[in-house]
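Peer 1: All I have is the shape, not the residue letters:
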């Protein structure tokens, strides 16, 4: 019978060119090793070793068997490694949508922290405005989102987690006096705002409507980067969340004042597709710690500007 053990014994005999020495290194009795070699030759039907007074040499058939044995040993070792790796849980891919302001506030820190804390989760961040994150969820492009002021959508679960106060942002040398500002002060500024689906714009326009007026919209742009650039140029003020201008605040390039109007806050929601089956529920359970850690990080960065719902 041909077995791995007998092939290993045969390889050792050829390596040492001596059955006695091979038996010593294999820690088996010499007669037993000789028996294994004879039975291996009988199983193959050809002589494998040429025996002489100095020891043994492989026959041509023995040399071929030695070469094939080494290939078999390599394949066995590779198979063991592959099977062990296959037994390990594959990383769980998780596409999480964040708004641009949230990405600026915590994005890189989030990736570094959570990849260390949850190495079994393959976290991918997807950046877009809140309304586009909802669209992406419905298309199944992402698995969950942290989006602001989300209205109910069929097939989606929406859980409010944080309220964040909006800020009137002005270039530092044009800033109003210290402290919070009223909505009347906000509406006295020429503003750069997002498009009609932008959360901050809708809040500004609703507040202005209640006061019987309209905001002075100097520019309309979908891009936080261009809004911030116009503020830095002194062309307009902006109503923004902290994340949108956190770097500029740190550098002293802008001043951001909380708006006292109680309606001038945005609510952060955890948004997911509703789980239709047990596998989906398990996936939610697996990835929920990532989402909660993200919310905790946002709350920590916001400080007094944020409050739990």
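Peer 2: Arrived safely. Since the structure is predicted, the reported quantities are computational estimates derived from the model, not experimental observations. Residues are numbered from 1 along each chain as shown.

Peer 1: can we go C-alpha only for contacts and neighbour counts from here?
Peer 2: Fine.

Peer 1: Need the mean per-residue confidence for stretch 58-65.
Peer 2: Taken as a whole, stretch 58-65 carries a mean pLDDT of 94.

Peer 1: Pull out the buried positions in it.
Peer 2: By 16 or more other CA atoms under 10 Å, the buried positions in stretch 58-65 come out as 58, 62-63, 65.

Peer 1: burial of residue 79, as a residue count?
Peer 2: 12 (other CA atoms under 10 Å).

Peer 1: give me the element it is part of.
Peer 2: Following DSSP states H and E, one finds residue 79 within helix 60-87.

Peer 1: That helix - contacts with which helices or strands?
Peer 2: helix 4-16 (3 or more CA pairs under 8 Å, 6 or more residues apart in numbering; DSSP states H and E).

Peer 1: most distant residue from the middle of the chain?
Peer 2: Most distant from the centre of the chain: residue 53, at 67.4 Å, with distances by CA atoms, centre = their mean.

Peer 1: where does that residue fall, phi/psi-wise?
Peer 2: phi -70, psi -30 (degrees, to the nearest 10).

Peer 1: following the helix holding residue 79, which helix or strand shows up next?
Peer 2: Proceeding N to C from helix 60-87, the next assigned helix or strand is strand 92-98, under DSSP H and E.

Peer 1: For that following strand, give me every contacting residue.
Peer 2: Strand 92-98 has contacts (CA atoms under 8 Å, 6 or more residues apart in numbering) with 120-130, 133, 141-147, 287.

Peer 1: Buried subset of the residues you listed as a PyMOL selection?
Peer 2: This is the PyMOL syntax for the buried subset of the contacts of strand 92-98, where burial follows 16+ other CA under 10 Å:
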select buried, resi 121+123+125+126+127+128+129+130+133+142+143+144+145+146+147+287
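
Peer 1: Next SSE downstream of the helix or strand hosting residue 21?
Peer 2: Assigned by DSSP H and E, residue 21 belongs to helix 19-26. Downstream of helix 19-26, the next assigned helix or strand under DSSP H and E is helix 30-44.

Peer 1: Next, the buried residues of that following helix.
Peer 2: Within helix 30-44, the residues scored as buried using 16+ other CA under 10 Å are 30, 33-34, 36-37, 40-41.

Peer 1: Same check on stretch 62-77?
Peer 2: Residues of stretch 62-77 classed as buried under the neighbour-count rule (16+ other CA under 10 Å) are 62-63, 65-66, 69.

Peer 1: and what of stretch 202-214?
Peer 2: Buried-residue list, stretch 202-214, by 16+ other CA under 10 Å: 203-208.

Peer 1: Likewise for stretch 235-254?
Peer 2: Buried residues in stretch 235-254, counted by 16+ other CA under 10 Å: 235-246, 248-249, 254.

Peer 1: Relative to residue 7, how far out is residue 77?
Peer 2: Per CA to CA, to the nearest Å, residue 77 is found 14 Å from residue 7.

Peer 1: What of residue 275?
Peer 2: Where residue 7 is concerned, residue 275 sits at a distance of 54 Å (CA to CA).

Peer 1: So which of the two has more stuff around it?
Peer 2: A side-by-side neighbour count of residue 275 and residue 7, using other CA under 10 Å, places residue 7 first with 21 against 15.

Peer 1: residues in contact with the nearest residue to that one once chain neighbours are set aside?
Peer 2: Closest residue to residue 7 apart from its sequence neighbours, by CA to CA, 6 or more residues apart in numbering: residue 69 at 6.3 Å. Residue 69 makes contacts with 7-8, 11, as judged by CA under 8 Å, 6+ apart.

Peer 1: any idea which element the residue nearest the centre of the chain lies in?
Peer 2: The residue lying closest to the centre of the chain (CA atoms, centre = their mean) is residue 123, at 1.1 Å. Assessed by DSSP H and E, residue 123 sits inside strand 121-127.

Peer 1: what angle do that strand and strand 92-98 make?
Peer 2: Going by axes from the mean of the first three to the mean of the last three CA atoms, to 10 degrees, strand 121-127 is angled at 20 degrees with respect to strand 92-98.

Peer 1: Any stretches of this structure with poor pLDDT?
Peer 2: Applying pLDDT under 70 to the chain flags residues 85-90, 176-177.

Peer 1: Please parse it into its domains.
Peer 2: Per automatic domain parsing, the structural domains of the chain span 4-87, 92-163+266-308, 167-263.

Peer 1: check contacts around residue 129.
Peer 2: Residues in contact with residue 129 (CA under 8 Å, 6+ apart) are 98-100, 147, 198.

Peer 1: again, only using 7 Å
Peer 2: Contact analysis of residue 129 by CA atoms under 7 Å, 6 or more residues apart in numbering lists 99-100.

Peer 1: where does it fall, phi/psi-wise?
Peer 2: phi -60, psi 160.
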